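>>> Structure for the following, please:
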Amino acid sequence: MLANLSLLVGAGGVIFFKRNVEDPFQLAELCAELKQEAGDRHLITMVDQEGGRVQRVGPPFTSLPSAQRVGLTGDSKAAGAIGSVLGKELRTLHIDMNLAPVLDVDTKPSNPVLLGRSFGSSPVLVAELGYEFIRAQQREGVAACAKHYPGLGNTSIDSHLELPSLSSDLDHLNKTEMPPFQKAVEADTAAIMVGHVIVSSFTGSESDEANFLPASLSAPVIQFLRNELLFGGLIVTDCLEMGAIVKHYTVEDAAVQALLAGADMLLVCHTRAVQLRVIDRLTEAVRKGILPLDRVEEAGHRVDDLANTYCRKAPSSRSGFEHDYHMELMELIGCKEHQIIVANVLHHIALAEAYSKMEISK
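Presented below is the predicted three-dimensional model:
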């Protein structure tokens, strides 16, 4: 198994995509096996389970509406209900962190990245719904990761393919993009993901090569999150194998720069050879004094803090009391209670959609 080799050389977490998931029960067993393989150290298991078109775990896991449709209700309790269902079911699968919610404010209809993933175009609405989602999911024992700081909502390029830019001045950022992330900090979100986007109000002009970096590699952008928004939790990069990075940098160089800038966890999600090269480059950078050891230790402490709060050991065997107890918990997956909760949210959405159509027709 590819993940096993990564564990041996020091990976602190694993992320699951649709290609890794046959059904919820197989995923629970896979998580358990990897956690057992990690031995005494924590292994953070992660997934993107946002609702709508981004749901890595399929039926019988409870299917959830997109954030955009939940946002139509204008009701933060609806977001909290979704977060609670997600937390309960993901916890049962041994998932420690869900890379959600999306807190980008969807102010540009042509944006190719969001497409239903944002709660809406109002900073206040996105902030309030994001707050309730985070609090509800984390109450159930699953860490939230708010994304994609400082906001991709006003961009027109997909960072999976190329590097977008955000030309807004700092005043506009503080009024539009930043409020949902400030609210996420108030919600005590365990983690915040930094996106791959050039933010000109921080980076200056393209002629300043030393500072003209995407947010995920930019010390000014990341330190604003620490010093101005006062976030003390785990800072995660978006995947460093995305087009926004690999078309401009090597993944290895980007990994070193991201840690230097203040990121704590680096996502390298797809290629084993690249993952191993990143680990080697980071080790070399520390040895040569390029990457200060105390910066690595600081990042490690933050990873440990999240792991100590949200990571749980998997069942130790396939028999006995612990196993039987977990099998009872698995009955939560797609249970009637959760279906009713989601049905109520969908009813609320349908009413909001009908009202919106009536207003448009006037």
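>>> What is the burial count for Pro180?
For Pro180, the tally of surrounding residues (other C-beta atoms under 10 Å) stands at 29. For glycine as for every other residue, the C-beta is placed from the backbone atoms N, C-alpha and C.
>>> typed the wrong thing, it's Asp294
Neighbours of Asp294 under the rule other C-beta under 10 Å: 8.
>>> now do Glu140
Glu140: 16 neighbours (other C-beta under 10 Å).
>>> same deal with Val286?
Count around Val286 with other C-beta under 10 Å applied: 16.
>>> what's the distance between it and Ala254?
16 Å (C-beta to C-beta, to the nearest Å).
>>> list the buried ones in the helix or strand harbouring Ile222?
Ile222 is part of helix 219-227, with elements assigned from DSSP states H and E. Residues Ala219, Pro220, Val221, Ile222, Phe224, Leu225 are the ones in helix 219-227 that count as buried (16 or more other C-beta atoms under 10 Å).
>>> how far away is the first one from Leu332?
Using C-beta to C-beta, one obtains 43 Å as the distance from Ala219 to Leu332.
>>> that older thread, turn the buried residues of helix 219-227 into CSV, including pLDDT and distance to Glu186.
What follows is the buried residues of helix 219-227, written out as CSV (pLDDT from 0 to 100; distance: C-beta to C-beta, whole Å):
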residue, pLDDT, distance to Glu186
Ala219, 96, 24
Pro220, 95, 23
Val221, 97, 20
Ile222, 98, 19
Phe224, 97, 16
Leu225, 98, 14
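>>> Any chance of those residues in a markdown table with distance to Ala244 as columns?
Shown next, in a markdown table, are these (distance: C-beta to C-beta, whole Å):
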| residue | distance to Ala244 |
| --- | --- |
| Ala219 | 18 |
| Pro220 | 18 |
| Val221 | 14 |
| Ile222 | 16 |
| Phe224 | 20 |
| Leu225 | 19 |
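>>> Kindly indicate which of the residues you listed lies nearest Leu115.
Val221 (24.4 Å; C-beta to C-beta).
>>> same for the helix holding Ile222, what does it pack against?
If contacts are counted by 3 or more C-beta pairs under 8 Å, 6 or more residues apart in numbering; DSSP states H and E, helix 219-227 sits against strand 191-194, helix 200-203, strand 234-237, helix 251-261.
>>> Would you mind finding the most buried of the ones you listed?
Most buried of these, by mean neighbour count (mean count of other C-beta atoms under 10 Å): strand 234-237, with a mean of 26.
>>> what sits up against that strand?
When contacts are defined by C-beta atoms under 8 Å, 6 or more residues apart in numbering, strand 234-237 is touched by residues 99, 145, 190-194, 216, 222, 225-226, 258, 262-267, 302-303, 305-306.
>>> Which parts of the stretch 151-300 of the chain are helices?
For the stretch 151-300 of the chain, the helices defined by DSSP state H, counting those that start in this stretch cover 170-172, 179-186, 200-203, 219-227, 243-246, 251-261, 272-287, 293-310.
>>> And the ones you listed: which comes nearest Gln36?
That would be helix 293-310 among those, by C-beta to C-beta, at 15.7 Å.
>>> can you pull the contacts of Ala191?
By C-beta under 8 Å, 6+ apart, the residues touching Ala191 are Met97, Ala143, Ala144, Cys145, Ala146, Gly233, Leu234, Ile235, Val236, Met265, Leu306.
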